[in-house]
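Novice: build the 3D model from these lines:
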Amino acid sequence: MEAINRQSFGKKIRSYSKKPISMLLMLLVMLAAAVTFSVLLFLIGFILVKGIPNLKPSLFAWQYTSLNVSLVPSLVTTVMITALSLLIAVPFGIFTAIYLVEYAKKGNRVVELIRLTAETLSGIPSIVYGLFGMLFFVTYLGMGFSVLAGAATLSIMILPLILRTSEEALKAVPESYREASFGLGAGRLRTVFRIVMPAAVPGVLAGIILAIGRIVGETAALIYTAGTVAKIPENLLASGRTLALHMYILSSEGFNTGEAYATAVVLLVTVLLINTASARLARRLTKGN
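Specialist: Numbers count the residues shown, from 1 in each chain. Just a heads-up that it's a prediction; the model follows:
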């Protein structure tokens, strides 16, 4: 098998060598891939080298103090805000994508308006979302600096991402699936939720994974909505700080830079575990269908 792959690769190289422009483009593509992979390895290696030596038991104490600067309350707050944000944004994003792909007529002005709105929302800086959340959720609705206000703000921020990725995943499902289902007498609703959605699950989960990454790494929007209290929130209306915000505050103070790097390691591992679990779930759902 390896010999066959080597022969095919050699044939491609020889065919490219006859066309200088194609050879140049191939080299540029390979160089871009190598640079991207190298930058990723450098970032991960830098964080691990700086952070692992600063990992200590006091960082994992249940309660935060100025001496131990524990990250556990921030970890719990991160999980709470992530789960609540997804609980709000995922249903709206997926159901809107189903309407746009399966029910709306082509060329509908409402569809174009929704897509334009989603693209506009995805380009707004996070600090603007934070200011909006502070004015609307924190002040006008009276939520105060709370987990609920932060999650509501982040749900608006990730909604366009989930919407667009879900829409593309639904579009990628072959039209023959729908035609076969209709031919067997199934209605549109049954076809969408029994045939189309299971086939689109990997793409939808990819969008959710990207949304989780944006939630976990967000700081600007949460400073003005969730607050910076370093303790485990007692309820959804209590304030708290996420891991990214905890790391930012430690590094900005300048007294606990080592602990900030250690927090970055925990944040990196958390995102890696979430991505791995989501990928396995997508594979199981795909095999099951």
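Novice: any idea how far Ser251 is from Val69?
Specialist: 11 Å (CB to CB, to the nearest Å). (Each C-beta comes from the backbone N, C-alpha and C, glycine too.)
Novice: check Thr257 too.
Specialist: 6 Å.
Novice: give the residues shared as contacts by these two.
Specialist: The contact sets of Thr257 and Ser251 do not overlap (CB atoms under 8 Å, 6 or more residues apart in numbering).
Novice: domain ranges for the protein?
Specialist: 2-54, 58-288 (automatic domain parsing).
Novice: want to throw these into CSV with mean pLDDT?
Specialist: Below are those laid out as CSV (pLDDT from 0 to 100):
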stretch, mean pLDDT
domain 2-54, 75
domain 58-288, 85
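Novice: okay, now Gly93: neighbour count?
Specialist: When neighbours are counted by other CB atoms under 10 Å, Gly93 registers 27.
Novice: tell me the contacts of it?
Specialist: Ile158, Leu159, Leu161, Ile162, Leu163, Ser166, Gly207.
Novice: helix or strand: which one has the fourth one?
Specialist: Pointing back at Ile162 there. Assigned by DSSP states H and E, Ile162 falls within helix 147-171.
Novice: buried residues in that helix?
Specialist: Using 16 or more other CB atoms under 10 Å as the test for burial, helix 147-171 gives 147-170.
Novice: now do whatever helix or strand comes next after that helix: which elements does it pack against?
Specialist: The element immediately downstream of helix 147-171 (helix or strand, assigned by DSSP H and E) is helix 175-183. Helix 175-183 makes packing contacts with helix 188-191 when contacts are defined by 3 or more CB pairs under 8 Å, 6 or more residues apart in numbering; DSSP states H and E.
Novice: show me what the helix it packs on is packed up against.
Specialist: helix 175-183.
Novice: so what touches the helix it packs on?
Specialist: Arg188, Arg190, Thr191, Arg194, Ile195, Val196, Ala199.
Novice: report the distance from it to the chain centre.
Specialist: 32 Å (CA atoms, centre = their mean, to the nearest Å).
Novice: then stretch 88-95?
Specialist: Worked out by CA atoms, centre = their mean, stretch 88-95 lies 14 Å from the chain centre.
Novice: check stretch 111-119 too.
Specialist: Here stretch 111-119 is found 21 Å from its chain centre; the criterion is CA atoms, centre = their mean.
Novice: which residues does that stretch contact?
Specialist: Thr96, Leu100, Ala104, Lys105, Leu159, Pro160, Leu163, Arg164.
Novice: among those residues, which pair sits farthest apart?
Specialist: Lys105 and Leu159 (23.2 Å; CB to CB).
Novice: neighbours of Val201, how many?
Specialist: The burial count for Val201: 17, using other CB under 10 Å.
Novice: separation between it and Leu243?
Specialist: From Val201 to Leu243 the distance is 28 Å (CB to CB).
Novice: ok, Ile212 next?
Specialist: Counting by CB to CB - Ile212 and Leu243 are separated by 13 Å.
Novice: those two: who's more crowded?
Specialist: Leu243 (25 against 20).
Novice: what sits against the more buried one?
Specialist: Neighbour list for Leu243: Leu71, Ser74, Leu75, Thr78, Val216, Thr263, Val266, Leu267, Thr270 [criterion: CB under 8 Å, 6+ apart].
Novice: remind me which helix or strand the third one belongs to.
Specialist: Spelled out, it's Leu75. helix 72-98.
Novice: test my guess that Thr82 contacts Arg214.
Specialist: No. Using CB atoms under 8 Å, Thr82 is not in contact with Arg214, being 10.1 Å away.
Novice: more neighbours: which of those two?
Specialist: Remark: of Thr82 and Arg214, Thr82 carries more neighbours, 21 against 15, as counted by other CB under 10 Å.
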